Each structure stands twice: as C-alpha cells, then as structure tokens.
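# Structure, please.
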Amino acid sequence: MKKINMILRILILISTSAFAQNTFTLTSKDLGGQAIKSQEFNGFGCTGKNESPQLSWTNAPEGTKSFAITMYDPDAPTGSGWWHWLVFDIPSNINQLVSNAGNIDVKLAPKGAIQSSTDYGKKGYGGPCPPEGHGLHQYIITVYALKTDKLGLDQDTNPAVVGYYLHNNTIEKASIIAYYQR
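Modelled structure (predicted):
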C-alpha cells in the first residue's frame, strides 16, 4: 500500500509540474519585482528614460490570432487607475517585444502593432511615475491572447475603449507585476 501511495504522489507531482509548464506565461529579462529608473516616465516630475521592458510570452492558447500588451497602475490616485501602455494587433507569430519597443519613434515594435494613447495623453509606453511620497504602486503588465487578428482600433483610441475590445476578444491572459515608488 505504501508503494502505491508513493507512486500516486509521484504521478501527481509530475502531472502538476507538466501542466504548470504549459500555461500561457509572460516573462521579462529587464523587469524583476521592481521597476527601475530607466523604465520611469520622463515628465510629470519624473526624470527616467521611459524605456519599456523586454517582454516574452510562451504557450499561447490554441486559436490565438493576435496579441495585445497593457501596463496598468491600479494604485494611481485617480479613482480609476492609470493606463501606461496599450499595444495591440501584435501578429500571432510574434512572442516578444524587445526593450524600448514602446518608443514609437524608434520603430522597434512588431510590424502592424498599434500603440494607442495612454493616460499621459501620448502614444506608446509611458513608464511609472507615481506621486512622490505616495508609496509603492503596482504596475500590472498583461499579455492577451486574442481570438481576432485585428481589433479594428487605431492609435487614437482611448484606454477604456481598448480595454472593452480586449475584454470581448480575450482567449487567455498572463501578467507580471512590478512595483515602483518615488
């Protein structure tokens, strides 16, 4: 009986590990648990370089036709949070964004991807810039696997509308969280 219990435990451990390794996952070579000064916004009193982090995703679900990326701060003192980055219409054969892809002037984002307006009123990446002394803010970066190849939106679409379309077209999503304070 002990031998059977041991075998069952091993099989459960192996199957759990195998299943967890095949889930839709977002990672970053640049971003750990804390955002860094080079990722901080340059404006609104912040003096960072405003460089978006490198992002990679694996194990996209079956039926994925495109991807989107968002970065959101739910701790912003606005009553509705703060959208820092919205990228959509990323082709399904792409599985990463290189560092600084959020800078629309350098054109490092995948061809066809659209970076729309953020709550800063600018297109592309707008890094962390919490109010001084406001404490730690969390920055949730999410990759969405979408069931459509195009959302039918453009670079002037506001974050609420992008979010609505993402919600209605998401198959799965994966997130990482980084923290930052000034």
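
# Please report how far the spatially closest residue to Ala35 that is not a sequence neighbour lies from Gly79.
Leaving out its chain neighbours, the residue that sits closest to Ala35 by C-beta to C-beta, 6 or more residues apart in numbering is Tyr180, at 4.0 Å. Quick note: C-beta positions are derived from backbone N, CA and C, even for glycine. In this view, Tyr180 and Gly79 are 20 Å apart by C-beta to C-beta, to the nearest Å.

# re the thing from before, quick one, what contacts the residue nearest to Ala35?
Under the criterion of C-beta atoms under 8 Å, 6 or more residues apart in numbering, the neighbours of Tyr180 are Gln34, Ala35, Gln39, Glu40, Pro128, Pro130, Leu136, His137, Tyr139.

# redo that, cut-off 6 Å
With contact taken as C-beta atoms under 6 Å, 6 or more residues apart in numbering, Tyr180 is in contact with Ala35, Pro128, His137.

# what about Tyr165, is that helix, strand or coil?
With DSSP: H, G, I helix; E, B strand; the rest coil as the basis, Tyr165 sits in helix.

# Now the closest residue to it other than its chain neighbours, what are its backbone angles?
Nearest residue to Tyr165 in three dimensions, chain neighbours excluded: Leu151, at 4.7 Å (C-beta to C-beta, 6+ apart). Dihedral pair for Leu151: phi -80, psi -20, per degrees, to the nearest 10.

# Let's test this: what are the backbone torsions at Pro159?
phi -60, psi -40.

# What number of residues are in the vicinity of it?
Pro159 has 21 neighbours, counted by other C-beta atoms under 10 Å.

# who's in contact with Ala178?
Contacts of Ala178 were listed using C-beta under 6 Å, 6+ apart, and they are Leu31, Gln34, Ala35, Tyr139.
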